[in-house]
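Participant: Output the structure for:
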Amino acid sequence: MSKHGTTKQYAKQHFVAQCYTKPWHDPDSVGTKMTPYVWVFDKDGSVAKRRAPINLFTETDIYTFLAPDGSRDLWLEHGLQELEDKFTRIRNKTFFRDVWPDAEQTAWLLSFVSTAHLRTRSFRNFHADQWRGIRQRMEEMAEDMRQATPEQRRAAAISSAIGRSDRGASLSVEDVRRLEENPLQHLLPSFMRTELPIMARMSMAVLRTNDPLGFVTSDTPAVYFDPTAYKRQPIYRSPGLACIDIEVTLPLSPQLCLILTHRPDFHGYIDISSEALNELNRLRIAHCDQNFVACRNEIRAGWFEHRPMPEDSWENVRERKIASGEWPSSNYKTNEEDLK
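Facilitator: Numbering: from 1, shown residues only. I've put the predicted structure just below:
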């Protein structure tokens, strides 16, 4: 209810689109008198619940701009709904009919993939935490300035002026607070402007399986994964679209999964083995926030395997170099401190 006693429109907003999860309806619930549902599991597979997509992955006003007077700006929510409608029509008319999308349809699909990655609750929480830390440090610095001597203030003012001339405009505490409170509203459009030109240069394929359980999806449906990241120091493992080996995957249904790569020969429909399907599901569950979704009340043990680091991982290579004396102990201690 609003402060005037009327029901708020569009208050219940999906951070994973309702239209997206519908293909995971349990086949036994379709065509019956019951409302079709999907199976929602805790990340460890321990709890399974039936949920209708309309009630799944929602949060109140997650995309709404709230003005100081209490009014609600819904431009982002309406924009995402328009994109969802485009995606649904294109998915149903192309991939579900073994037809390949044209250039315009592909552009809309890539926009949906990008937003599927950016619009989630986990993305919001991560960036809110990042901006919260910056805001707290800025407030601590402001308090230090209030307690500083006149000489210290003058020195800090000179240093700040030099920094601004080098880096351009700076953010105020209020700017950072707005980013902390509404990261999706402020960051999603700018992130999309960065991601889409890169995605447009990537190859697109659709992986297929005839397994009745098939692909699972989750509360973070689009996964960005670099299979070679383990060879780098942990601080450099964050996956980015510019990484040459990056793989972007978004299941379209239990039988189809969209994948983007920088491999020029990776295109069209590709049938995959049961081993590849199991690995893709393991990867998706590992990257989910709290829940994953399947079309049946069934899980497989391989989805939850925790594997040791490969022999050529940065950690194992480092340990071997330390043991052989190739990595000086002083460097080892420094790197350990850097990684804390």
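
Participant: Gln18: what's its closest spatial neighbour, skipping adjacent residues?
Facilitator: For Gln18, ignoring the flanking residues on the chain, the nearest one in space by Cβ to Cβ, 6 or more residues apart in numbering is Pro53 at 4.7 Å. (Each C-beta comes from the backbone N, C-alpha and C, glycine too.)

Participant: Would you agree that neighbour is in contact with Thr35?
Facilitator: No - using Cβ atoms under 8 Å, Pro53 and Thr35 do not qualify as a contacting pair, with a distance of 9.5 Å.

Participant: More neighbours: which of those two?
Facilitator: Pro53 (22 against 13; other Cβ atoms under 10 Å).

Participant: distance between stretch 271-288 and the chain's centre?
Facilitator: Centroid displacement of stretch 271-288 relative to its chain, using Cα atoms, centre = their mean, to the nearest Å, is 17 Å.

Participant: Show me how the chain divides into domains.
Facilitator: Following automatic domain parsing, one finds the domains of the chain at 12-126+179-304, 309-340.

Participant: tell me the most buried of these?
Facilitator: Using mean count of other Cβ atoms under 10 Å, the stretch among the domains of the chain with the largest mean neighbour count is domain 12-126+179-304, at a mean of 17.

Participant: What is the end-to-end distance of that one?
Facilitator: Distance between the two ends of domain 12-126+179-304: 32 Å, counting by Cα to Cα, to the nearest Å.

Participant: mind listing what the residue nearest to Gln18 touches?
Facilitator: The contact partners of Pro53, by Cβ atoms under 8 Å, 6 or more residues apart in numbering, come to 18-19, 21-22, 24-25, 36-38.

Participant: same thing but at 10 Å, please
Facilitator: For Pro53, the contact set (Cβ atoms under 10 Å, 6 or more residues apart in numbering) comprises 14, 16-25, 35-38, 293.

Participant: now swap in Asn210 and tell me
Facilitator: Listed by Cβ under 10 Å, 6+ apart, the contact partners of Asn210 are 255, 271, 274, 277.

Participant: Pull up the gap between it and Gln255, please.
Facilitator: According to Cβ to Cβ, to the nearest Å, Asn210 stands 7 Å off from Gln255.

Participant: for Trp108, same thing?
Facilitator: As judged by Cβ to Cβ, Trp108 and Gln255 stand 21 Å apart.

Participant: And Glu195, by the same measure?
Facilitator: With distances defined as Cβ to Cβ, the gap from Glu195 to Gln255 amounts to 27 Å.

Participant: Equivalent analysis for Arg135, please.
Facilitator: 46 Å.

Participant: Mind telling me which of the domains of the chain the model trusts least?
Facilitator: The minimum mean pLDDT among the domains of the chain belongs to domain 309-340 (a mean of 71).

Participant: who touches the residue lying closest to Met138 once chain neighbours are set aside in this structure?
Facilitator: Among residues not flanking Met138 along the chain, Val173 sits closest, at 5.1 Å (Cβ to Cβ, 6+ apart). Under the criterion of Cβ under 10 Å, 6+ apart, the neighbours of Val173 are 134-135, 138-139, 141-142.

Participant: And those residues, which of them are buried?
Facilitator: Restricting the contacts of Val173 to buried positions leaves 135, 138, with burial counted as 16 or more other Cβ atoms under 10 Å.

Participant: Name the nearest of the contacts of Val173 relative to Ala242.
Facilitator: Relative to Ala242, the closest of the contacts of Val173 is Ile134; by Cβ to Cβ it sits at 24.2 Å.
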